[in-house]
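S.K.: Provided below are the primary sequence and the corresponding predicted coordinates.
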Amino acid sequence: MTNQRIEESDDQVSAQAIDAPQYPVALAKTTFLITGAHGFIGAWIVKRLVAAGARVVIFDAGADARRLRLIMEDSEIAFARAVKGDVTEAGALAPVIEEFGVTHIIHLAGLQVPTCKNNPRLGALVNVLGTINVFEAALTCGISKIVYASSAAVYGATDEDRPLTERDPPRPSTHYGAFKRCNEANARVYYLDSGLSSIGLRPLTVYGVGRDFGLTSDPTKAMKAAVAGRPFHIRFGGRTDFLYVADVADIFIRAAMSDLTGANVFNLHGETARVADVVTEIESVLPESRGTITVASEPLSIPPEMDDGAIRAALGPLPRTPLKPGVRDTISRFAELHREGRLDTSDLDQ
């Protein structure tokens, strides 16, 4: 992968290697429990934590580590301890927390928009009850803070043509968004009732190697398709807030290591661009793909841009990889996998 990356403050940017995570404090004496660690963002958080020297416990209902293997060597994956478990089981997490001496929890386990739409009961069981079980386990074991994945989907459709802040009222238009909003409200109650602090993070369109499910996975799939020499149609258009997954992983870790208290919820912001701009970037890296990737005209039913002023004020400068190097690095890794005969293209069949 290439080494271009920027970290933004109000008045300056500085270059930093995408594959060299740096955090304000050492992680060598920490033990992170990551629920849903075999998912897309979870795999990248495991990668970054292992690279930073933290101890990692993977807690996932599935044993399929294929996303980890896309971005890590087997020798690196071996540093993490894997526990098969289901967050919907009330007593599943506390024994794991106690056994491994967990100091920090990042909760990512959940079902995405299509599954929640097709099976709302299952979506509520995993996304809402599962999150309550994580909070209850933290209380039982004396964990003082949880960082969890919320989503920009809490806002739903809006006519606002400006970056949305945390002061804008959530009006979710999907079960998934409603479940995420419910989690934010429950997190607030846990702080009010029990003093358990939390930080919920609201990303929008996250891209990178390992993103293979859900509507907003299409830009990543287009990059993979271009590497594989296949045509691809991105099922949404317009503008959206693109976040490179390594940045998102680092922000989750930074949030977990922070000393913030209370029930915090923060928007994340990457680079707001047209979906067609992603196609342009793909074609600039792989000219032979020109004309093979098409884009729908209908935009997402989520606001196109988030304002991340609140989280930057709380945590300081955060990583923000521009679209061009983010696309280039994603394509570079897909190309490596393709040369190794490990590029799975089954997810390209829509």
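M.R.: Arrived safely.
S.K.: which residues of this protein score low on pLDDT?
M.R.: 1-20, 24, 350 (pLDDT under 70).
S.K.: In terms of position in space, what residue lies nearest the middle of it?
M.R.: residue 41 (3.9 Å; Cα atoms, centre = their mean).
S.K.: Name the next helix or strand downstream of the host helix or strand of that one, please.
M.R.: Here residue 41, judged by DSSP states H and E, is contained in helix 40-51. The helix or strand immediately downstream of helix 40-51 is strand 55-60, counting by DSSP H and E.
S.K.: For the next helix or strand after that next one, report the contacting residues that lie outside it.
M.R.: Toward the C-terminus, strand 55-60 is succeeded by helix 66-71 as the next helix or strand (DSSP H and E). Under the criterion Cβ atoms under 8 Å, 6 or more residues apart in numbering, residues 37-40, 42-44, 46-47, 77, 209-210, 212, 333, 337, 342, 344 lie in contact with helix 66-71. (Each C-beta comes from the backbone N, C-alpha and C, glycine too.)
S.K.: Among those, name the buried ones.
M.R.: Neighbour counting with 16 or more other Cβ atoms under 10 Å marks 37-40, 42-44, 46-47, 77, 209-210, 212, 333, 337 as buried within these.
S.K.: out of these, who's nearest residue 120?
M.R.: Looking at the buried ones among the contacts of helix 66-71 and their distance to residue 120, the nearest is residue 39, at 20.2 Å (Cβ to Cβ).
S.K.: Surely the closest one is in contact with residue 108?
M.R.: Yes. Contact criterion Cβ atoms under 8 Å: residue 39 and residue 108 qualify, at 6.0 Å.
S.K.: Can you give me the neighbour number for residue 26?
M.R.: Neighbourhood size, residue 26 [other Cβ atoms under 10 Å]: 11.
S.K.: Hmm, it is touching residue 53, no?
M.R.: Yes. The criterion here is Cβ under 8 Å, and residue 26 meets it with residue 53 at 7.4 Å.
S.K.: So residue 280, which state does it fall into?
M.R.: Classification of residue 280 by DSSP: H, G, I helix; E, B strand; the rest coil places it in helix.
S.K.: For it, give me its contacts.
M.R.: If you count contacts by Cβ under 8 Å, 6+ apart, residue 280 has none.
S.K.: Now the phi/psi pair for the closest residue to residue 326 other than its chain neighbours, please.
M.R.: Closest residue to residue 326 apart from its sequence neighbours, by Cβ to Cβ, 6 or more residues apart in numbering: residue 244 at 3.8 Å. Backbone torsions of residue 244, given as degrees, to the nearest 10, read phi -70, psi 140.
S.K.: hang on, residue 139 packs against residue 194?
M.R.: Yes. Here residue 139 lies in contact with residue 194, judged by Cβ under 8 Å, at a distance of 5.8 Å.
S.K.: neighbour count winner among the two?
M.R.: residue 139 (17 against 12).
S.K.: dump the residue contacts of the more buried one.
M.R.: By Cβ under 8 Å, 6+ apart, the residues touching residue 139 are 190, 194, 196.
S.K.: JSON lines please, covering those and showing secondary structure.
M.R.: Formatted as JSON lines, the contacts of residue 139 follow (three-state DSSP):
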{"residue": "190", "secondary structure": "helix"}
{"residue": "194", "secondary structure": "helix"}
{"residue": "196", "secondary structure": "coil"}
